[in-house]
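# need the 3D shape of this:
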Amino acid sequence: MIRVEKTLSEVMSVLNRQGYTQDYNLLQTPNSYLDVKDEMNLKHLVITGIHRFSGQNDAADEAILYTIHNIKNGAKGILVNGYGIYTDEHATAIIEKISMNTIGTLINLK
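Numbering: from 1, shown residues only. The predicted structure follows:
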């Protein structure tokens, strides 16, 4: 069976329906983020999955989507970063401070 790669927006929509509702691109600093009333430390976040999108016609379309789980409050969300020369330095600094789940989580994109 041939698996057709979904677009970034399609994958984001599927993940949203699966409960990945937090937008971790809204992180204000590499050290913490604001979640409702509580300031949460990045040590509470775990990367549970990574999906890379390659730009077929334009390198500017290349992106990496990270699925992230907050182990303190159970919230799930995503962070999207560019790839290659389009990488966002602030997003990269945040990702480098978040733990990687070595077991990982399978994401059903159906």
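# number of nearby residues for the nearest residue to residue 43 once chain neighbours are set aside?
Distance criterion C-beta to C-beta, 6 or more residues apart in numbering; nearest residue to residue 43, sequence neighbours excluded, is residue 99 at 7.4 Å. No exception for glycine: its C-beta is placed from N, CA and C like everyone else's. Per other C-beta atoms under 10 Å, the neighbour tally for residue 99 reads 13.
# residue 22 too?
Neighbourhood size, residue 22 [other C-beta under 10 Å]: 19.
# if we can go back for a sec, quick one, what contacts the residue nearest to residue 43?
Shown in contact with residue 99 (C-beta atoms under 8 Å, 6 or more residues apart in numbering): 43, 45, 46, 47.
# how much space between the last one and residue 85?
Okay, so that is residue 47. Using C-beta to C-beta, to the nearest Å, residue 47 is found at 23 Å from residue 85.
# who's more crowded, these two?
residue 47 (18 against 8).
# next structured bit after the one helix or strand the more buried one maps to?
If you go by DSSP states H and E, residue 47 is part of strand 45-53. Later in the chain than strand 45-53, the nearest helix or strand by DSSP H and E is strand 63-70.
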